[in-house]
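# What shape does this take:
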Amino acid sequence: MASSLTCAGVVWAFLSFLCAAASCVGFFMPYWLLGSQLEKSVSFGTFRRCSYPVRDESRQTTVMVEQCGRYASFQAIPSAEWRICTVVTGLGCGLLLLVALTALMGCCVSELISRTVGRVAGGIQFLGGKCSWWEGT
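Residues are numbered from 1 along each chain as shown. Next up, the predicted model:
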């Protein structure tokens, strides 16, 4: 198997893949924010939550559901800002994963990645990282 990457490119490809995988796992796990509510430990991410309050209409009280789950629909995500965060983070993870997988293919296929493609891929990774940074703020 011939490679179109230099040694630095191979290191970049593997680090890109590790970072993309970590970002995707972080996106899908519900542990972005940890805290407590009604004396119970709660956590939630962009579209998953664990131990969340639900209004019990029969008893007219708020009870804690102690399980993890997704929001029933995109509109069920608590706020417009949180929905925007979900879309931006998902796009950022997708871009990072696309570039990382292309870079890994460049380790196995000769003449797949040229200098121009490498620069464009780095720019896409930068954009994906900015999406993740913007979401974090």
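
# OK, contacts around the most centrally placed residue in the chain?
Centroid-nearest residue in the chain, with C-alpha atoms, centre = their mean: Phe27, separated by 3.1 Å. Going by C-beta atoms under 8 Å, 6 or more residues apart in numbering, Phe27 touches Gly45, Thr46, Thr89, Gly90, Cys93. Where C-beta positions appear, they are placed from N, C-alpha and C, glycine not excepted.

# helices or strands up against the strand or helix carrying the last one?
Pointing back at Cys93 there. Element membership for Cys93, per DSSP states H and E: helix 80-108. Packed against helix 80-108 by the contact rule (3 or more C-beta pairs under 8 Å, 6 or more residues apart in numbering; DSSP states H and E) you find helix 7-28, helix 115-136.

# These: which one's closest to Tyr71?
Set against Tyr71 and scored by C-beta to C-beta, the helices and strands packed on helix 80-108 come closest in helix 7-28, at 13.4 Å.

# could you point out which element follows that closest one?
Downstream of helix 7-28 (by DSSP H and E), the next one is strand 33-37.

# What's the mean pLDDT across that next one?
What strand 33-37 shows for mean pLDDT is 74.

# now do stretch 104-122
Rounded mean pLDDT across stretch 104-122 is 74.

# Pull the number of nearby residues for Ser58.
Using other C-beta atoms under 10 Å, Ser58 is surrounded by 5 other residues.
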